[in-house]
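>>> the following comprises the amino acid sequence and a computationally predicted model.
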Amino acid sequence: MARMKFLCDAERCIECNGCVTACKQENEVPWGVNRRRVVTINDGVVGAEKSISVACMHCSDAPCMAVCPVDCFYKTDDGVVLHDKDLCIGCGYCFYACPFGAPQFPQAGAFGLRGKMDKCTFCAGGPETDRSEAEFQKYGRNRLSEGKLPACAEMCSTKALLGGDGDVIADIYRERVLRRGKGSEVWGWGTAYGPGRPGAQPPQQPARKS
Amino acid sequence: MRNILFFLFIIFTLSACGEREQIAESKRGYQGKRDTQPWDNDPLAYGSGKWSKGDRTSWETQIKTRQLGQHEDKRIYQ
């Protein structure tokens, strides 16, 4: 049984926000709601600043499911955590429970009227007929039913964001790390201009004759 | 006696290989509409790969192909 997960490689993420834009565009997410966002870690620390893309992590033991008073969450056979907007009462408990801030609430009006919860669906839609207009309006596009992966992961230009079965993407990441090395080997001269040998140094300039 | 100790040792060491159920279930559970499965749909006419409607295995094969497409080494050099 597959367990759909996201994995973001902080060494590769260039904070382009392509994933955020892809998600917004693909699912026509309303203004003020961000199912996915790019956050900076070690902000301001020279040499240690990294960016990672964060959305719902589709937890195996999801705290949002545990705290929901109306039990509007369910988990698909592929391990995707989805919810039913017809049952959601917009209480916000899931927002407080989620360690990633994934649940979002559309707000409107002068008093901040809070709507029903909206979150990343792993592009798997919701409990409506697949690819129907109702499903698209409530949950966005159902790319899994089209044999595709989430738009954010497939859109990522540096392939920092991987999406899919946890075992498969973990293998991809592991092979990538073994190949590229660590520390200065990751983005050194050899990686950028050399023959692909990690840690290679630029050629020395010959000394000028005086 | 030696066999018993051996079996006890095997049971003790392999007990960590099991997998606990990690799904949170409330007492009432989800009572909403039933969702349909992604493999119960026909592939799109264009751009979605191929699988047989209702066949989970072929759909998973298609998704796995798509996942491996994220591996630049395999995508470029295959």
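Structure received.

>>> tell me the mean pLDDT for stretch A:175-185?
In this model, stretch A:175-185 has a mean pLDDT of 78.

>>> quick one: buried residues of it?
Applying a neighbour-count criterion of 16 or more other CB atoms under 10 Å in any protein chain shown, one finds A:Arg176 buried in stretch A:175-185. From N, CA and C alone the C-beta is placed, and that goes for glycine too.

>>> right, is that stretch up against chain B?
Yes: against chain B, stretch A:175-185 shows contacts by CB under 8 Å from any CB of the partner chain at A:175-176, A:179.

>>> got those residues as CSV, with secondary structure columns?
Output for the residues of stretch A:175-185 next to chain B, formatted as CSV (DSSP: H, G, I helix; E, B strand; the rest coil):
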residue, secondary structure
A:Glu175, helix
A:Arg176, helix
A:Arg179, helix
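
>>> tally of neighbours for B:Gly69?
As a burial measure, B:Gly69 scores 15 neighbours (other CB atoms under 10 Å in any protein chain shown).

>>> what do you get for the one 5 residues further on?
Each residue near B:Lys74 was counted by other CB under 10 Å, and the total is 12.

>>> quick check: closest non-adjacent residue to it.
Residue nearest to B:Lys74 in three dimensions, not counting chain neighbours: B:Leu68, with 5.6 Å by CB to CB, 6 or more residues apart in numbering or on different chains.

>>> so who does that neighbour touch?
Contacts for B:Leu68 (CB atoms under 8 Å, 6 or more residues apart in numbering or on different chains) come out as A:168, A:172, B:74-75.

>>> can you say which of those residues are buried?
Among the contacts of B:Leu68, those scoring as buried are A:168, A:172 (criterion: 16+ other CB under 10 Å).

>>> Serialize the contacts of B:Leu68 to a markdown table and add fields for distance to A:Gly90, pLDDT and secondary structure.
As requested, these are arranged in a markdown table below (distance: CB to CB, whole Å; pLDDT from 0 to 100; DSSP: H, G, I helix; E, B strand; the rest coil):
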| residue | distance to A:Gly90 | pLDDT | secondary structure |
| --- | --- | --- | --- |
| A:Val168 | 35 | 94 | helix |
| A:Ile172 | 38 | 94 | helix |
| B:Lys74 | 44 | 77 | helix |
| B:Arg75 | 42 | 74 | helix |
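
>>> between the contacts of B:Leu68, which is nearest B:Asp55?
Using CB to CB, A:Val168 is the member of those that lies nearest B:Asp55, at 19.6 Å.

>>> confidence score at the nearest residue to the closest one once chain neighbours are set aside?
Residue nearest to A:Val168 in three dimensions, not counting chain neighbours: B:Gln67, with 4.7 Å by CB to CB, 6+ apart. The model reports B:Gln67 with a pLDDT of 93.

>>> swap in A:Lys138?
Taking A:Lys138 on its own, its pLDDT is 95.

>>> who's in contact with it?
Applying CB under 8 Å, 6+ apart to A:Lys138 gives the contacts A:85, A:126, A:128.

>>> recalculate using a threshold of 10 Å.
A:83-86, A:116, A:118, A:121, A:125-128, A:132 (CB atoms under 10 Å, 6 or more residues apart in numbering or on different chains).

>>> and if you look at B:Gly47?
Counting by CB under 10 Å, 6+ apart, B:Gly47 has contacts A:146-148.

>>> for A:Val38, which three-state class applies?
Here A:Val38 is strand, with the state taken from three-state DSSP.

>>> quick one: it and A:Glu15 touch, right?
Yes: using CB atoms under 10 Å, A:Val38 is in contact with A:Glu15, at 5.3 Å.
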